[in-house]
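**Q** sequence first, then the predicted structure:
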Amino acid sequence: MIASADLVARIRRATGDTQEGLARRLAVSFPTINAWERGRSEPSAKHRSALEALAAELDIVHEFAVMVIDDDPVTAALVEAAATEFGGAVSVHSAVNGWEGLVTCGAVKPRLLFLDIMMPGIDGLDVARRLPAIPDLADLRVVFVTASQSPDILARAAALGNAVISKPVELDTLAEVIRNTMEPSRR
């Protein structure tokens, strides 16, 4: 769920409303909108529902969680940079090893996972085999990111995931994968 402050800001950008204009639209006071947008207070359940309805009407994408499991922090930094294209609609979570990644996937419930194959401890192929045991990940898209050129490893990755990207990864490629995965989740 998008934080209220971010949701108000996105609605104002989408409508072109000032804080005063959005206040009139929602039948609340200007200071109320100001407080919501600055994170000083939260809307009541009724007003949050009104914000959610307006966001759905405006086709505002709710926060889309992306996970990166890679022992190389450069990959996570590139995914975060690619995510900035989506103006806060994408949250990026990362883990530096397979065990930490599995735990974080269980907590975050990402829709997209960029998964390194060659990592110390539990490798990406083993992580992918364990993902189905985590509840609420049925819609998870797994994209392997690897420097491996081994036909055997690449074939196993292709069988376990949705795609394989070779390292070094390109920023545009990552943004395209995020965009293509987000499309079905648009409201």
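**A** Structure received.

**Q** please count neighbours and contacts with C-alpha atoms only from this point.
**A** OK.

**Q** list the contacts of residue 32.
**A** By Cα atoms under 8 Å, 6 or more residues apart in numbering, the residues touching residue 32 are residue 23.

**Q** host element of it?
**A** Assigned by DSSP states H and E, residue 32 belongs to helix 30-37.

**Q** what does the residue most central in space within the chain show for phi and psi?
**A** Centroid-nearest residue in the chain: residue 65, 2.4 Å away (criterion: Cα atoms, centre = their mean). Main-chain dihedrals, residue 65, degrees, to the nearest 10: phi -90, psi 130.

**Q** that one reaches residue 109, doesn't it?
**A** Yes. With contact defined as Cα atoms under 8 Å, residue 65 and residue 109 form a contacting pair (7.3 Å).

**Q** now the helix or strand in which residue 176 is found: buried residues?
**A** Per DSSP H and E: residue 176 is located in helix 171-182. The neighbour-count check on helix 171-182 (16 or more other Cα atoms under 10 Å) flags 174, 175, 177, 178, 179, 181, 182 as buried.

**Q** in this structure residue 96 contacts residue 70, no?
**A** Yes. Counting by Cα under 8 Å, residue 96 touches residue 70, with 5.1 Å between them.

**Q** between those two, who's got more neighbours?
**A** residue 70 (27 against 17; other Cα atoms under 10 Å).

**Q** helix, strand or coil for residue 43?
**A** For residue 43, the assignment made with DSSP: H, G, I helix; E, B strand; the rest coil gives coil.
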